[in-house]
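Peer 1: no sequence for this one, just the structure:
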């Protein structure tokens, strides 16, 4: 009887001990580097660059839209990103398919740490735009920075590769 009791006790203890076993904690994803939104925008502006010999298309603008863009620019300078976004949203109600206004709104979304929105707006601006020149590079640099901010480094690399494709030399007129 003592042997049966000992075996039963040992079996019970083994079952209880098995229930107490914990699995190793799951490894955490590496922390994303802290980059200020303003630094991300500076990277976008640096990628855009400007070359006097490069082709850059500048459409005529609606005066009301220009006023809203200037208001947004002033709000950005004051770091009032909500006001900048509101002004650009209003401009987009007037000219919904203007690649430059869409890009400016994407950049404000970047400043507001709305990274998915920034990428969506920049992608739409690229799809509607001329797909060459400084504005094109700003589109792809915004997409790159949005992806980096979300930890999508491989996708960011493909966006970065698109930046070079946006440069088309202008016509050499002797």
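Peer 2: Alright, I've got the coordinates. Since this is a predicted model, take the numbers as computed values, not measurements. Residues are numbered from 1 along each chain as shown.

Peer 1: show me where pLDDT drops low in this structure?
Peer 2: 1-33, 50-59, 169-174 (pLDDT under 70).

Peer 1: ok, the residue nearest to the spatial centre of it - contacts?
Peer 2: Centroid-nearest residue in the chain: residue 146, 1.6 Å away (criterion: C-alpha atoms, centre = their mean). By C-beta atoms under 8 Å, 6 or more residues apart in numbering, residue 146 lies in contact with 110, 115-116, 118-119, 122. No exception for glycine: its C-beta is placed from N, CA and C like everyone else's.

Peer 1: cool, residue 122 as well?
Peer 2: By C-beta under 8 Å, 6+ apart, the contact set of residue 122 is 102-103, 106, 138-140, 142-143, 146.

Peer 1: among those, which are in strands?
Peer 2: Judged by DSSP state E, strands contain none of the contacts of residue 122.

Peer 1: Next, count neighbours for residue 127.
Peer 2: 12 (other C-beta atoms under 10 Å).

Peer 1: What of the one 3 residues further on?
Peer 2: Residues within reach of residue 130, counting by other C-beta under 10 Å, total 15.

Peer 1: and what of residue 118?
Peer 2: Using other C-beta under 10 Å, residue 118 has 29 other residues around it.

Peer 1: Which members of the contacts of residue 146 are positioned in helices?
Peer 2: Using DSSP state H, 110, 115-116, 118-119, 122 are the members of these that sit in helices.

Peer 1: Which of those residues sits closest to residue 38?
Peer 2: Using C-beta to C-beta, residue 110 is the member of the ones in helices among the contacts of residue 146 that sits closest to residue 38, with 9.4 Å.

Peer 1: Right, I'll leave it there.
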